[in-house]
Each structure stands twice: as C-alpha cells, then as structure tokens.
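Novice: sequence isn't available, so here's the structure alone:
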C-alpha cells in the first residue's frame, strides 16, 4: 500500500548541506497500525510530511498504492492527498468559522461528489466518531477531545487508504487521549491503515509496528504484539 | 511610563514598515483631500468683512414692468441685484444712510502719460463714489480715496491697484502722476495694496471670486464722459431703451449699478427699508414700480447666500471629500486591526507579566495617536501641495482661495488625530480583550 | 461556485474585518458614482458642439471712425471690404458678440405678447447677413438671410420684418413635441413679433454657464455700438497667417487700435476653464478612489490570508490545489466588493434623494451605478491577485507545524 525505497531528505542552506532524513526503506501493508516514535528534532515531522505528500523528498522513490509519487505536479499530489490520505493533526486544525458539518465536508468539496453523497459521507463519518448530533455546532463549543474526533471524522469522510496522525493526542489530557486512541484502534480494526507519529511510548505500544527515528535515521523496532 | 510607551509605539511602527506606511499614507491622503476642498469652501464662506458685515447692506428694487417679470428662480419671482441710474442717483442723493455708494463699471484703453500710444491696454475700470473706500476698508499704500468735492465735480482722478502701479510706475509713489483713460488725463490720488477680499461680496456671483480691478475712478467722472457700460458689465433692460445711446440708457429702466449703504448698526435696517419702500411708493405714483413690491435690503452674508457664490458643486465637493476621508479612516481601521492582530502574542505576554488592560490600551492608543499625528503632518503637506496644484488648475479664481490660514492648519492636525484615534478605538478594544493565557501556548 | 457556502459562513463569523471593508467600499462607491457622473457631465459640457468652425475663426474689435453716423457706417464697410479682399481670409462678418465670450445680450421669448411669463430665454447674435456662413453654423431647416436683409442701425432692429433664425435647441423648447413646427411660427421679442425663418443645428450662446446657453437667435442687423467686432474665417489651417495679415492691414492706419484679438479657441478655453478644471480634478479624484479601494481590498485580503495561514495549510493538506485556494480568495473578495457596491448603491440612492431635495442638482442616472460597480469590482479583483497567489504558495506542511 505504501512503499518507500531509499527515501531521503536534505536541505542546502548557505552551502551547508543538512541531512534531515538519511535514506531508508519502509513498506506498510493494508490494515497495519504503525507508530513512528522519536524525540523532538529527530526528523519525525519531516518523515510525516513526506509520507503525507506535504513535502517533497530529495532522493529515492515513494509509491502510494503502487503509484510512483516522486515528481508529480502539485495538482496531482493535491488530489492524491485528498483521496488516499486522511490527516489528523496535533492541534486539530478545524476551521473556527465553519460548523462541524462544514468542517468535515471541507475535503469532500475538493472532489466531484454530489451534494447528497457529500452529506451522507459527512453524517456517516460524524456517526462513526459519535458526534452526529452536534453537526451544527462550532469547534469552539467542543472540548479538545471532541474536536479531535471531528478531525478524525473529517479524515475518514473521504474513505482514504490510510490515516496519517501527527501526535493526535499531543494537545489532550490523558483521559481524552485514551478515548482518541481507542477510537483509532477501532477504525484500524475495521480495516483502515494508520500511520501515527507520537513521542508517547505507551501509545506506540498499542500499534502493530513501531518505527523509530533518531537523528535522521529510521529503524524498525520489533515489539511484542499486544492483544 | 509615557516615554516608555512612546518608545514602544515608535519601535512597533518601525517593525512593520509596510503596514505603518499604508496606515499613515491612507490617513494623510484622506486628510489632504478633505482639507483641500474644505479650505476652498472655508475661504469662500468666511465672513469677508467681519467688522462690518452686519452693517453693510445692498439695496434691490422691484423696478420691472407690470407685464415683464425679471426672472424666475426656484419657482419664485426674482428681482435684480442691480438698480437703474435714476434710482441709484435718487437713493444716493437722499443721503438717508450715514454712508452710501454707487458701484459701476466700464472699459477703456489706458496708459500712463509717459507711455507711447501703442502701449495702451484695454482695462476694466471700476467707477464708484468716494465713500466706497472707507465702507469696504480698502487698504491704501499711497494716498487715499478722492475727496467728496472731487467726487461731486467728477474730477479726473484715478486710484490704482498695487499691481498696476508697478506696471505703470515701477511701484514708486505715483501720487500726482498722470494716467490716460480713454484719451483723457487722470491724476493718480491713491494706490491700494493687495486686497484679498473673498468673496468680493459687493459684486454679483460671477465676479465675486475674481481679482480686484486695477483702476477706480469717480462715478460722476464716468457719467460726465458719457461712458456707458453696455459692453463690459451686466446690464438688464426692459421697456424703451437704446443701449448705444448714453442718454437713453440713463433714462431707461436698464439696471446696471450696485447700490450699497453702511448703517450705524444692524437695527437701522428696517428704518432704511421703510425709506426704500416709501421711495418706491412715490415712484409708483409717477408710473414706475408697477409690479408687486419686493424691495429688500440685504446685509453682506445674506447677499453672499443670495448670489450663491459658493455654488452647489463645491458644497457637494466638501461632502464627497468628507465621505472619502471616512473611507480612508475605515481602511486605516482595518489596517490597525491587522496590526494589532499580529501583536496578539505580545499582548498575551505583557498581560501575563502584569500589564493591565489600561496599560495595553494606553500603549496602543499612543501608537494610533502617533499614526494620526504623522498622518496629519503629512496630510498638511499634501494638502498644501494640492492647493498649489489647485491654484494652477483653477487659475481663473482668486489665488487667495487656495491658501490655508493658521486655524485651518490646526483644524487639519486635530481632525487627523481625533479621527484616527476614534477609528482606532475598536481595534484597541479588541487588542485589550486578549486573555493573558490564550496566546502563550503558541509562543 | 461550490466554495460559496463555506465562504459566506466564514465571512459571517469573521464579521468585523469584512464589514469594515464592505463599509469602506460602500462609501467609496457613493463618492465614485457622484464623481464619475460629475466628470461625464463636465466632459459633455466641454465637448458639446458649439456649431462653429472653431479652428478657423478669430475675432477682434476696433472703434468706429468718423463723426457722423453715415461716415461711421461707410468706414465700417470699407474695413470689411479690405479684410475680405485679403487672400488668406475666407469670409468676414460683423457680429455683436462672440459665442462663449461671456459678453452678449439676451431676450425673454414669448409665444404670445400678452403672456405674463416668458416661455424661454435666448441670446441674440446679430450682424452681417452672412454671419451663419462665417460662423460655419449648419442650417437644417428654412432659409438663410440675404444681402437685402442686412442693415446697420443704432439698435437691434427688432421692428424690421426680416424674420429670425433660431437654434434647434430653442425650437425644441418652444415646440417640445416637434421642433419642425417652429419654422414659420411667430415669437415675440420685447413684445415685437418675429417670424422664424430658419433653424440651425447647434450654436453656442455667449455664456457657458447660462441655463439657456443652447437657445440662440440670429438677426441680420449690424448693431452700431461703441466698437465694431469682426468675426473672421480663415482658410483651413491658415488662421495664424490670417491674423497677422489682418493686423498688418489695419495697422496701416496709425490711429486705429485693435482690441480683443483672440481666436475662437481661446474664447472657448476661457469659457470652459472652470469645467476643465473640475474635469481634471475629478479625474484625480477617481484615480484616488480606485487606489484607496485597491489598498483596502489588498490589506483585507492580506490580513485574512495572514490570519488563516494554518487553515490554508490544512486545506492544502486535505487536498485543495493551488488554483482552488486562489479561487477561494477571489470569490471571497468578489463577495465583499459586491456587498460593498450594493450597499453603496443604496447609499447613493439615499444621498441622491437628499441632494435633489436640498440642492438644485440633478440626480445621478442609473447607468452610473453600473459603471461604478464595474470599476470597484475590477479594482477589487486586481488588488486581490497578489495576496491570493501568496495564499496559494503557503506550503501544505504548514498544517503540521506546531508553532
């Protein structure tokens, strides 16, 4: 489903070359729940941006659903992000001026869905995260945990190949975080792959695989699978 | 503390040069536009002769014929601002007011006696009586008005403007020198200084904003020379008249002379009006003044309003300019909102370390004050530049109209500071509402 | 227009900033409508046809020479003949006053001598029989004067039965339904009847500011005043040469003084100086208004982009292409300008009613609302381009940035 071959990222600033990510290979199969861990500044966000097609890698090849993404045009990558990837951000990134329905509907508007289909998908997704009853509320009226649920609904609404979660519980207290984690696990059980960046080892343990990034090097960690 | 805030405000303005530039320039453009139009209309509207405007009056008479209406204005019958020769002479000779004067006009070829014939220029001349100069406060550099006796005998005397004196006599004291007017020698008895009387209220609307005429001679002299004014000033006639014949004109119902009086005080106006109405009644018995009598005595400001010197165009212009300033201020208000929005973090931090809402308001208030002050100063510069250009473009109007006085300068600065502070209130209020906690997380 | 709904809801939620801009545009719009209207009005004034062959005409005055009336007239004709004989002169006539010279005479026009109030007013041009040809005025109905009609008198010769030629504008004000009826009708000038003998298309009156400036009458009487005014028509392109020739000719008599030697173009320029000045000013005003609108839109769009960097990043991350971001801001902008223009149109109509009620000005006609909307919307679109492109260039990685 997701295949990276020799992918690396480097910046050149003032003739000094900085290697943000050293070349690595990574493959994620359908239905996996992969956690990416590492301390701040290790290159986690860079990895996430590359995986999410938000940033261009400088070396290697990246295949998404067998499709080579290197060097695609912005327009093409935009539509790939829209259809294949569901984003979940640490700070939710809901649009404060829009109500929940409009927020969840937002990515669907960049696709050719009919109004009816959009509405069905939004309601289904909100149903899935348990917030269907509050579709006309605004983000400020919700708790952090609820906001993140809306963000998850937004990510799910377009039926993506996988969810890309960036510290999804980073801005939440432990109780809310737990709720979000179990929601993600439920979603994963229903067949959606998840790639989650986190610095919380306890959460990482709940994934099926753990990948560690340290000083720009990516290493697979073998973990005991929890039941 | 105040100095600290001033320093902060200046730093803050320097830190976002584009925004500061846009704010200050929008305000200054709005202020400049408003003040240019305001200056012109202020100069047009201000009392031209504050010491006397209540006591100087012009007389309008209903002399038109029973079958002829002079003209319609705003759906009402209108009477002329001029009087006939006979009425001017009768009113003048009655000497009912402490001072009265007749104002006429004619055109002739003029030159100094030292100049060759070919240097003669065609000149518009004002003819009047000796009271004129005292009544309208004419500023003399050399000499004075002619005497009552010179006036009575129609002496060949002339008063020159400073400009014409420079042209004819190099600006020196020319009293006693001679000027040829229409081939007749006139002795110079006075030279008057620049005389910025705006509007020149004793004339009709089309002449009220032009420069003063260069030569004044006694009205009696003009009459003695039988110089009739048919071609160089307004003359309105009905009944029997022959414009090319002097005697026909002065005996006709043609109106062409202004008549002004100076009373001791405004209270004597009714008394004078009674005299005028009685005079009209006498004339009616002689067969004149057959229409319904609408005779009136208007003071300076009433006369200015009546002739609508300012014109509707310039009234609209002031309103449009004010609306433009309003738009500029709204624009600057959005810019301030942008600016203070960008400073949310700083406000949060300051609040967190102990600044009160008032402190924040004072800090930003001072910043808007400085913006307003700079906008005002630059606006003032732009307005003066604009007035120079306006004077160039409107060269047919008196240049004095396009000059600011100290009152307008102060008004400009105040307007700029007050309006920009006023329009800054809301952005400041918003900035003060920022909670100390809200912004720190993201810093 | 699939972005429309979310744009409207975010505008409604953001309130203050867009509201300010809407208000600003509305006020600017009101000023703009009035300025455009005034400018077009002044332009129409300045460019209104005078009916005269402006580029080949000039005029001057000389005093009468001689003691006796007959001597004066003889001298006048002698001068006229001498000027006419000049090679560069096409035609020359005597006239009482030059159109747009600010000097002239006018009459109350009545259709019936007993009417207490005049129907209209008109200025009179009187002079040589061939005045129409010299001026270059176009006769569109009836007939011109001939030599037998011409007479030199001490007055306007109102008692003579030569008939008069009037301008079409006067004919229209006398017979609003069909101006052709004017031909052959009788009008009264100072209670004296005159038959309308011909109609000319355009003819500018003596005063550019006069309400009745298009109403004019032509008479074939040479009115003997203190000075004689000659109107000279040169051959095409030879006006300057002709002026020199005429001056040279007249200067042979050392006692003669030529006054008011001016081309018709100079008269016209002086007459319309106020309108020209206002026209120039209004052009500046309109440019200023457009600039201030653009500045406002530019500032507001930049502000809204700045405020929404993260949001834009998120939209990009969730699959919006660059074009879709540009479209979003363009539509948002268009909406604000449209609201502003609509509110401005309402304000204008309100202001119009006030203006019409309190000042003697005509209201702004409807099409000017459309012109001004076009100007405002176009300037808004142009001003939004740069900030919208800026927005589109925000990296989708902005979404994952935590600061």
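Specialist: Looks like it came in fine. Here the structure is a predicted model, which is why all the values come from computation and not from measurement.
Novice: contacts and neighbour counts: CA atoms only from here.
Specialist: OK.
Novice: leaving out chain neighbours, which residue sits closest to residue C:173?
Specialist: Leaving aside its sequence neighbours, residue C:173 sits nearest to residue C:120 (C-alpha to C-alpha, 6 or more residues apart in numbering or on different chains; 7.2 Å).
Novice: so what sits opposite that neighbour in the bridge?
Specialist: Beta bridges link residue C:120 to residue C:109, judged by DSSP bridges.
Novice: contacting residues for it?
Specialist: Residue C:120 makes contact with C:108, C:109, C:110, C:170, C:173, C:174, C:212, according to C-alpha atoms under 8 Å, 6 or more residues apart in numbering or on different chains.
Novice: now do residue A:218
Specialist: Residues in contact with residue A:218 (C-alpha under 8 Å, 6+ apart) are A:21, A:22, A:24, A:211, A:212.
Novice: residue ranges with poor pLDDT in the stretch 251-400 of chain C?
Specialist: Flagging of the stretch 251-400 of chain C using pLDDT under 70 yields the residue ranges C:359-361.
Novice: now the helices for it?
Specialist: When assigned using DSSP state H, counting those that start in this stretch, the helices of the stretch 251-400 of chain C occupy the ranges C:264-271, C:273-307, C:309-317, C:322-358, C:367-392.
Novice: hey, which of those is tucked in deepest?
Specialist: Stretch with highest mean neighbour count among the helices of the stretch 251-400 of chain C: helix C:309-317 (a mean of 24; mean count of other C-alpha atoms under 10 Å in any protein chain shown).
Novice: what packs against that helix?
Specialist: When contacts are defined as 3 or more C-alpha pairs under 8 Å, 6 or more residues apart in numbering or on different chains; DSSP states H and E, helix C:309-317 sits against helix A:74-84, helix C:322-358.
Novice: got the angle for it vs helix C:367-392?
Specialist: Using axes from the mean of the first three to the mean of the last three C-alpha atoms, to 10 degrees, the inter-axis angle of helix C:309-317 relative to helix C:367-392 is 80 degrees.
Novice: got the angle for helix C:309-317 vs helix A:74-84?
Specialist: The directions of helix C:309-317 and helix A:74-84 differ by 80 degrees, with the same axes, to 10 degrees as the criterion.
Novice: let's have the helices and strands packed on helix C:309-317 in a markdown table, adding distance to residue B:343.
Specialist: Compiled in a markdown table, the helices and strands packed on helix C:309-317 are given as follows (distance: least, C-alpha to C-alpha, whole Å):
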| stretch | distance to residue B:343 |
| --- | --- |
| helix A:74-84 | 33 |
| helix C:322-358 | 24 |
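Novice: make JSON lines from the ones you listed and add distance to chain B to it.
Specialist: Conversion of those to JSON lines gives the following (distance: least, C-alpha to the nearest C-alpha, whole Å):
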{"stretch": "helix A:74-84", "distance to chain B": "27"}
{"stretch": "helix C:322-358", "distance to chain B": "8"}
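Novice: for residue C:164, which of these is the nearest?
Specialist: The closest of the helices and strands packed on helix C:309-317 to residue C:164 is helix C:322-358. By C-alpha to C-alpha, the value is 37.5 Å.
Novice: are the closest one and chain A in contact anywhere?
Specialist: Yes: residues of helix C:322-358 are located near chain A by C-alpha under 8 Å from any C-alpha of the partner chain, namely residue C:322.
Novice: specify the angle between that helix and helix C:273-307 in degrees.
Specialist: Using the same axes, to 10 degrees: helix C:322-358 against helix C:273-307 is 140 degrees.
Novice: which ones are touching residue B:176?
Specialist: Remark: with contacts taken as C-alpha under 8 Å, 6+ apart, residue B:176 is in contact with B:187, B:188, B:189.
Novice: mind checking which of those residues are buried?
Specialist: Neighbour-count burial within those applies to B:187, B:188, B:189; the criterion is 16 or more other C-alpha atoms under 10 Å in any protein chain shown.
Novice: for residue B:10, give its distance to chain A.
Specialist: When C-alpha to the nearest C-alpha, to the nearest Å is applied, the distance between residue B:10 and chain A equals 34 Å.
Novice: for the helix or strand containing that residue, which positions count as buried?
Specialist: Residue B:10 is located in helix B:2-15, with elements delineated by DSSP states H and E. Of the residues in helix B:2-15, those scored as buried under the neighbour-count criterion (16+ other C-alpha under 10 Å) are B:5, B:6, B:8, B:9, B:12, B:13.
Novice: ramachandran coordinates for the residue lying closest to the third one once chain neighbours are set aside?
Specialist: What it means is residue B:8. Nearest residue to residue B:8 in three dimensions, chain neighbours excluded: residue B:363, at 7.5 Å (C-alpha to C-alpha, 6+ apart). Residue B:363 has phi and psi values of phi -60, psi -50 when expressed as degrees, to the nearest 10.
Novice: ok, residue A:113 next?
Specialist: When quoted as degrees, to the nearest 10, the phi and psi of residue A:113 stand at phi -90, psi 150.
Novice: which pLDDT value belongs to the residue lying farthest from the centre of chain A?
Specialist: Most distant residue from the mean C-alpha position of chain A: residue A:15, 33.2 Å away (C-alpha atoms, centre = their mean). pLDDT recorded at residue A:15 is 76.
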